[in-house]
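Novice: Could you look at this predicted model? Sequence included:
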Amino acid sequence: MKHLISEFLERLCLKNKNVYLWFRDDDVGRNTLKLKKMIQYFDCKDKSILLAVIPTLIDEEITSLINNNDRLMVGQHGFSHINYALDNESKSEYPYSRCNASTITEIMLGKKIIETAFKEKFLDVFIPPYFEIDKHILQMINGSFKWYSGWWTNSIVGEFVFINAQIDFVNWNEINTYGGADFVELQLIRELKVLEKSNCYSSIVIGIVLHHEYCEEDSYKELDWIISLSNFHKNLMIISPTQLYDLVTNDKVVVNHEDNID
Ligand SMILES: [Zn+2]
C-alpha cells in the first residue's frame, strides 16, 4: 500500500497536483499521559496540530500547557461530549431531539470558556463530538463560528465552511481503536483518487483525525511514515491549522459547493 501511495504522488506531481495534509486531535480535556505523548510527538516533528478541546473538561494545567506551546491551536469540541441521542438517533451531543434554545446557550457558554482560556489560539472553529450535529442546530449557530470541522469532504454550503478530516486513525465501526496501516492508507488512496480525477482542481486539503487516547506505538509509526512523505514528495506538504481557512475558501483546492443546508 505504501508503495502504491508513493506512485500515486509521483503521478500527481507530473500533473502539477499538490496535496496538503493537516492534523487534528480530538477529545482534549485533562492532561493525560497519552495527551502528553501526542504533544511531545508533534513537538519532536516540529508540526502544528489542531486540538479539539472539550470546554467542561479543561483545567488550569491543560490551559497553561496549551498556551505555552506555539504548535498547538484550539477548536471547540462540543460542550461536555455527552451523548444525548435517543435510541433511534446516531450517537451525538447535538441530535435533532436537542434542537432548542438552551442547547444553543450551552454551545455559546462553551465558546466563552474556550475563548477566555485560549484567546488567539482559538481558531473560531466548532468541532461536533461524534462527527454529528443536527442541521437545525447548525442553522441556529449560524454566524457564531468562522468554520466547522467534522468528518468527510471539505465543503462550503451557503455560509457554512466545513474543513473536515477525511482520514481517521480509529476504526469506529469494527474495533473502536487504531485501525492499522492498511485502514489508514486506503483512506489516503481514496482522497488521492479524488484529486487525480478532478479536472478543475490542482490541489486537495486532507485532514487526519487522531484520538490521542487510542494512539499506540503502531499509530505513531504510521504517523512517522505519513510525515516522512513530505521529505520525498515535493507535491505533498504538511500545513498548520492556521493556513487551512484561506486555502479552502480561496477555491484553489478540492471543495464541494452546495447552495443550502435544507
Ligand atoms: Zn470527540
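Specialist: Done, it's in. Bear in mind the structure is a predicted one, so any value in this text is a computation, not a measurement.
Novice: how about the strands in the stretch 101-250 of the chain?
Specialist: 122-126, 147-148, 155-157, 160-162, 167-168, 170-171, 177-178, 203-211, 236-238 (DSSP state E, counting those that start in this stretch).
Novice: would CSV of these with mean pLDDT, mean neighbour count and distance to the ion be doable?
Specialist: (Each C-beta comes from the backbone N, C-alpha and C, glycine too.) Output for these, formatted as CSV (pLDDT from 0 to 100; neighbours: other CB atoms under 10 Å; distance: least, CB to the ion, whole Å):
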stretch, mean pLDDT, mean neighbour count, distance to the ion
strand 122-126, 98, 20, 12
strand 147-148, 98, 20, 14
strand 155-157, 93, 17, 20
strand 160-162, 95, 19, 17
strand 167-168, 97, 20, 11
strand 170-171, 96, 18, 10
strand 177-178, 95, 19, 15
strand 203-211, 97, 22, 7
strand 236-238, 98, 18, 23
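Novice: Turn those strands into a markdown table, columns for distance to residue 217.
Specialist: Output for those, formatted as a markdown table (distance: least, CB to CB, whole Å):
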| stretch | distance to residue 217 |
| --- | --- |
| strand 122-126 | 30 |
| strand 147-148 | 33 |
| strand 155-157 | 35 |
| strand 160-162 | 33 |
| strand 167-168 | 19 |
| strand 170-171 | 15 |
| strand 177-178 | 10 |
| strand 203-211 | 14 |
| strand 236-238 | 21 |
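Novice: Within the sheet, what are the partner strands of the lengthiest strand in the chain, with directions?
Specialist: Longest strand in the chain, counting residues (DSSP state E): strand 18-28. Within its sheet, and counting by DSSP bridges, strand 18-28 is paired with strand 49-53 (parallel), strand 203-211 (parallel), strand 236-238 (parallel).
Novice: and it with strand 122-126, angle?
Specialist: Between strand 18-28 and strand 122-126, the angle comes out at 90 degrees (axes from the mean of the first three to the mean of the last three CA atoms, to 10 degrees).
Novice: I'd like to know which elements whichever helix or strand comes after strand 18-28 is packed against.
Specialist: Downstream of strand 18-28, the next assigned helix or strand under DSSP states H and E is helix 33-45. Applying 3 or more CB pairs under 8 Å, 6 or more residues apart in numbering; DSSP states H and E, one finds that helix 33-45 contacts strand 18-28, helix 217-232.
Novice: how big is the angle separating helix 33-45 from strand 203-211?
Specialist: 140 degrees.
Novice: residues in contact with helix 33-45?
Specialist: 23, 25, 28, 48-49, 62, 65, 69, 71-72, 210, 212-213, 215, 220, 223, 227 (CB atoms under 8 Å, 6 or more residues apart in numbering).
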